[in-house]
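Novice: Have a look at this prediction, sequence included:
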Amino acid sequence: MLLNNQRKSYTILDTLLTLAIIGVVAVFIIPTLTKKWQEVHTVAAVKEAYSILDNAFKQAISDYGLVKDWSWTSSEMWKHEINGNFLGERLSKYMKVEEYCGT
(Lines give C-alpha, C1' and ligand atoms only; values in the text may rest on other atoms or scores of the structure.)
Protein backbone atom coordinates (compact mmCIF):
# COMPACT_ATOMS: atom_id res chain seq x y z
CA MET A 1 0.00 0.00 0.00
CA LEU A 2 2.83 2.34 0.63
CA LEU A 3 3.92 1.98 -3.00
CA ASN A 4 0.64 3.38 -4.31
CA ASN A 5 0.94 6.53 -2.22
CA GLN A 6 4.46 7.46 -3.43
CA ARG A 7 4.72 10.30 -5.95
CA LYS A 8 6.61 9.59 -9.11
CA SER A 9 9.17 12.35 -9.72
CA TYR A 10 12.73 12.83 -10.83
CA THR A 11 15.37 12.98 -8.16
CA ILE A 12 18.32 15.28 -8.24
CA LEU A 13 20.46 12.26 -9.12
CA ASP A 14 18.37 11.63 -12.25
CA THR A 15 18.73 15.26 -13.28
CA LEU A 16 22.49 15.33 -12.71
CA LEU A 17 22.93 12.07 -14.63
CA THR A 18 20.98 13.49 -17.58
CA LEU A 19 23.06 16.69 -17.55
CA ALA A 20 26.27 14.64 -17.42
CA ILE A 21 25.22 12.60 -20.46
CA ILE A 22 24.33 15.77 -22.37
CA GLY A 23 27.72 17.25 -21.42
CA VAL A 24 29.64 14.21 -22.64
CA VAL A 25 27.77 14.21 -25.93
CA ALA A 26 28.42 17.96 -26.33
CA VAL A 27 32.16 17.45 -25.74
CA PHE A 28 32.27 15.17 -28.78
CA ILE A 29 29.88 17.07 -31.03
CA ILE A 30 30.91 20.73 -30.59
CA PRO A 31 34.48 20.40 -32.01
CA THR A 32 33.10 18.58 -35.04
CA LEU A 33 30.48 21.26 -35.64
CA THR A 34 33.04 24.03 -35.19
CA LYS A 35 35.41 22.41 -37.68
CA LYS A 36 32.59 21.97 -40.19
CA TRP A 37 31.53 25.61 -39.78
CA GLN A 38 35.11 26.81 -40.38
CA GLU A 39 35.33 24.62 -43.48
CA VAL A 40 32.06 26.01 -44.86
CA HIS A 41 33.22 29.57 -44.11
CA THR A 42 36.58 29.01 -45.85
CA VAL A 43 34.94 27.47 -48.92
CA ALA A 44 32.57 30.43 -49.17
CA ALA A 45 35.46 32.91 -48.90
CA VAL A 46 37.45 31.10 -51.62
CA LYS A 47 34.40 31.02 -53.90
CA GLU A 48 33.89 34.75 -53.38
CA ALA A 49 37.55 35.49 -54.16
CA TYR A 50 37.39 33.31 -57.27
CA SER A 51 34.25 35.11 -58.44
CA ILE A 52 35.85 38.54 -57.96
CA LEU A 53 39.00 37.53 -59.84
CA ASP A 54 36.99 35.85 -62.60
CA ASN A 55 34.91 38.99 -63.13
CA ALA A 56 38.05 41.18 -63.12
CA PHE A 57 39.69 38.93 -65.73
CA LYS A 58 36.59 39.00 -67.92
CA GLN A 59 36.44 42.79 -67.79
CA ALA A 60 40.19 43.15 -68.44
CA ILE A 61 39.94 40.78 -71.39
CA SER A 62 37.07 42.81 -72.82
CA ASP A 63 39.20 45.99 -72.56
CA TYR A 64 42.69 44.70 -73.42
CA GLY A 65 41.91 41.57 -75.46
CA LEU A 66 43.18 38.07 -74.70
CA VAL A 67 45.84 37.77 -72.00
CA LYS A 68 48.34 36.28 -74.45
CA ASP A 69 48.02 39.46 -76.56
CA TRP A 70 48.76 41.88 -73.73
CA SER A 71 52.04 43.70 -74.31
CA TRP A 72 54.35 41.79 -72.03
CA THR A 73 57.74 42.72 -73.39
CA SER A 74 60.74 41.80 -71.31
CA SER A 75 61.49 45.46 -70.53
CA GLU A 76 57.92 46.02 -69.30
CA MET A 77 58.03 42.88 -67.20
CA TRP A 78 61.34 43.96 -65.62
CA LYS A 79 59.96 47.45 -64.88
CA HIS A 80 56.80 46.02 -63.33
CA GLU A 81 58.69 43.41 -61.32
CA ILE A 82 60.66 46.22 -59.72
CA ASN A 83 57.84 48.75 -59.34
CA GLY A 84 54.87 46.49 -58.82
CA ASN A 85 52.75 43.80 -60.36
CA PHE A 86 51.86 44.11 -64.07
CA LEU A 87 48.89 41.76 -63.79
CA GLY A 88 47.77 43.44 -60.59
CA GLU A 89 47.81 46.83 -62.30
CA ARG A 90 45.62 45.48 -65.09
CA LEU A 91 43.12 43.80 -62.75
CA SER A 92 43.00 46.18 -59.77
CA LYS A 93 40.81 48.75 -61.50
CA TYR A 94 38.11 46.09 -61.98
CA MET A 95 38.08 45.01 -58.35
CA LYS A 96 36.88 46.86 -55.27
CA VAL A 97 40.33 47.87 -54.05
CA GLU A 98 40.66 50.68 -51.55
CA GLU A 99 44.30 51.32 -52.34
CA TYR A 100 46.62 49.52 -54.72
CA CYS A 101 50.05 49.24 -53.11
CA GLY A 102 51.72 47.92 -56.27
CA THR A 103 52.78 44.53 -54.96
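Specialist: Everything's here; your move.
Novice: What ranges does this structure have for its helices?
Specialist: All helices of the chain, identified by DSSP state H, fall at 2-5, 12-64, 74-83, 86-92.
Novice: need these in CSV with mean neighbour count, can you?
Specialist: For glycine as for every other residue, the C-beta is placed from the backbone atoms N, C-alpha and C. Below are the helices of the chain laid out as CSV (neighbours: other Cβ atoms under 10 Å):
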stretch, mean neighbour count
helix 2-5, 5
helix 12-64, 11
helix 74-83, 10
helix 86-92, 16
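Novice: now these in a markdown table, with mean pLDDT?
Specialist: Converted to a markdown table, those look like this (pLDDT from 0 to 100):
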| stretch | mean pLDDT |
| --- | --- |
| helix 2-5 | 57 |
| helix 12-64 | 91 |
| helix 74-83 | 52 |
| helix 86-92 | 72 |
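Novice: ok, for A56, nearest residue in space, not its chain neighbours?
Specialist: Of all residues not flanking A56 in the chain, Y94 sits nearest, at 3.9 Å (Cβ to Cβ, 6 or more residues apart in numbering).
Novice: Can you name the residues that contact the one you found?
Specialist: Y94 makes contact with N55, A56, Q59, A60, according to Cβ atoms under 8 Å, 6 or more residues apart in numbering.
Novice: mind checking the backbone torsions on it?
Specialist: phi -100, psi 0 (degrees, to the nearest 10).
Novice: how close does Y64 sit to Y50?
Specialist: 21 Å (Cβ to Cβ, to the nearest Å).
Novice: for the contacts of Y94, which one is nearest L17?
Specialist: Distance ranking of those against L17, using Cβ to Cβ, places N55 first at 57.1 Å.
Novice: What separation do you get for the nearest residue in space to the closest one that is not next to it in sequence and S9?
Specialist: Leaving out its chain neighbours, the residue that sits closest to N55 by Cβ to Cβ, 6+ apart is Y94, at 7.0 Å. Y94 sits 69 Å away from S9, going by Cβ to Cβ.
Novice: Quick check: closest non-adjacent residue to M95.
Specialist: Distances taken as Cβ to Cβ, 6+ apart put A56 closest to M95, at 5.0 Å, once the chain neighbours are dropped.
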